[in-house]
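>>> Predicted model, plus sequence, below.
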Amino acid sequence: MQNNTIAARSIAIVGGGQAGLLLGCALLDQGYQVTIATNRTGEEIWNGRVMSSQFMFNPALQIERNWGMDQWEADCPKTEGISFSIPTPDGSGNKAIHWHARLNAYGQSVDQRVKMPGWMAEFERRGGELRMENVGVPELEALAAGHELVLLAGGKGEIVNLLTRNDERSPLRQPMRQLALSYVSGMKRHDYYECVNFNLIPGVGEYFVFPALTTHGANGTQACDIMVFEGVPGGPMDCWGEVKTPEQHLEKSLEILKTFVPWEYARSRDCQLTDANGIIAGRITPQVRNPVLTLPSGRKVMGLGDAVLVNDPITGQGSNNATKSAQHYFDAICARGTQRFDEAWMNQTFDALYNGYAEKVVRWTNSLLTPPPDYIVKLLATAQQSPSLASRIANGFNDPRDYAEYWFDEAAAERLMAAELQALPA
């Protein structure tokens, strides 16, 4: 039986993204009064530019399923594995390392231009109040005055920058990659199961690509592939500044593939952009922000998702972090009962998330933005010989905490490789 006192509690969320809408819908089901403020309508999002690559692994997908938010799962392509390649250094276009391994359960990517309008409608269907407004400090003050808890979940924009950087948790001080996305159709499939295909090009950057569901299909949506380019600043993949048109963006995408990963170019050469808005380029400074914002009135606002955990997309953890953050905050809110959502609770809630989960994701993601030590290259090469090691590395994407067991410690990595090689059949 529902507690009517708790049911009457009011929560406002600023930002209609993965974390905010997911948490908002889940709280509505528990009887909370929820308001979400966002600055774009569903139609504007659907017809706008792509926002991210948003690949989600099974543990995060399961949270969506648990809350009845998996509306596109049947239509979205299923990605069943991870593949990994490093080219030979001689420029011959051959692979020095290549392997693929199955995930324990499939992952998926739904274009946020599809997902967010659908979730906005679902939020209102469940009884939430959706406000269309640009939120600044005055609007935050009004929300904080009218609600028991305000969560700031917008990942971009001036308002999020009011949350201060946590220097101790943010070792990187500048963007480590030039990023670009291309949503395309017409890519040839591999002769093995669908993978997130990850290509590491030493000194140049990274390229990964995977299937997704996007807009502009005959039935409203269509399958596509998302190309993700991560260029080392100042290197040959840091080349998007002169690109002015969607056609030039696709041309540059294919030129990079042909030059550095010709096996990817061979299956992409006939690709077309899904739509003129299926491109984006930019830079991100990875950082962890402090979770509490004190407004001029003294009222407190708490950060959620991308507002406090800003990761480079190189490990594909952004939407997964946002989803797991929503679950963590949901549990903490429900466990709070009728007690106040005070500053101490805000800090304790975020610290529990960070220390128990997010810190290891941040550390692993940041480690891939610097040149890998020799033992990591050896580890990835050994996975080519050891299917069980390849499987363990691949399934770390589901829960990156496992990497803490071996990724950051050369001796631990060497012990793991020795054990895996010893276990191989003679």
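Received the coordinates, thanks.

>>> The chain: helices as residue ranges?
4-7, 18-29, 42-46, 58-66, 112-125, 137-146, 246-260, 262-268, 318-335, 343-353, 359-367, 374-385, 387-395, 410-422 (DSSP state H).

>>> Show me what the longest one is packed up against.
The one in question is helix 318-335. helix 18-29, strand 55-56, helix 58-66, strand 309-310, helix 343-353 (3 or more C-beta pairs under 8 Å, 6 or more residues apart in numbering; DSSP states H and E). Heads up, the C-betas are built off the backbone N, CA and C, glycines and all.

>>> could the ones you listed go into CSV alongside mean neighbour count?
Rendered in CSV, the data for these read as follows (neighbours: other C-beta atoms under 10 Å):
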stretch, mean neighbour count
helix 18-29, 26
strand 55-56, 25
helix 58-66, 18
strand 309-310, 25
helix 343-353, 17
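
>>> Could you give the separation between the terminal residues of stretch 46-54?
The first and last residues of stretch 46-54 sit 15 Å apart, counting by C-alpha to C-alpha, to the nearest Å.

>>> And that stretch, what's buried?
Across stretch 46-54, burial judged by 16 or more other C-beta atoms under 10 Å covers 46, 50-54.

>>> gap between the closest residue to His328 other than its chain neighbours and Gly241?
Excluding the flanking residues, the one nearest His328 by C-beta to C-beta, 6 or more residues apart in numbering is Leu353, at 4.6 Å. With the distance defined as C-beta to C-beta, to the nearest Å, Leu353 ends up 37 Å from Gly241.

>>> sorry, back to before: doesn't Ser325 make contact with the residue nearest to His328?
Yes: the criterion here is C-beta atoms under 8 Å, and Leu353 meets it with Ser325 at 6.2 Å.

>>> Would you list the strands that the lengthiest strand in the chain pairs with, along with their directions?
Taking DSSP state E as the criterion, the chain has its longest strand at strand 95-109. For strand 95-109, the paired strands and their directions (DSSP bridges) are strand 55-56 (antiparallel), strand 79-87 (antiparallel).

>>> With distance to Ser391 and mean pLDDT as extra columns, can I get the helices and strands packed on helix 318-335 in JSON lines?
What follows is these, written out as JSON lines (distance: least, C-beta to C-beta, whole Å; pLDDT from 0 to 100):
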{"stretch": "helix 18-29", "distance to Ser391": "28", "mean pLDDT": "98"}
{"stretch": "strand 55-56", "distance to Ser391": "19", "mean pLDDT": "98"}
{"stretch": "helix 58-66", "distance to Ser391": "14", "mean pLDDT": "98"}
{"stretch": "strand 309-310", "distance to Ser391": "27", "mean pLDDT": "96"}
{"stretch": "helix 343-353", "distance to Ser391": "28", "mean pLDDT": "98"}
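
>>> Out of these, flag the one nearest Val135.
Ranking the helices and strands packed on helix 318-335 by proximity to Val135 (C-beta to C-beta) places helix 18-29 first, at 11.7 Å.

>>> Check which helices and strands the closest one is in contact with.
Using 3+ C-beta pairs under 8 Å, 6+ apart: helix 18-29 touches strand 10-14, strand 33-38, helix 112-125, helix 318-335.

>>> Show residues contacting stretch 45-55.
The contact list for stretch 45-55, computed with C-beta atoms under 8 Å, 6 or more residues apart in numbering, reads 18, 40, 79, 107-117, 181, 183, 196, 210, 212, 214-215, 226, 228, 277-280, 313, 316, 318-319.

>>> In contact with Gly24, which residues?
11, 13, 34, 36, 123, 128.

>>> run the last query once more with 7 Å
13, 34, 36, 123, 128 (C-beta atoms under 7 Å, 6 or more residues apart in numbering).

>>> Skipping adjacent residues, who's closest to Arg267 in space?
In space, Arg267 is closest to Lys188, 3.8 Å off (C-beta to C-beta, 6+ apart).

>>> So that neighbour versus Asn366, what's the distance?
Distance from Lys188 to Asn366, counting by C-beta to C-beta: 34 Å.

>>> Sweet, I'm off.
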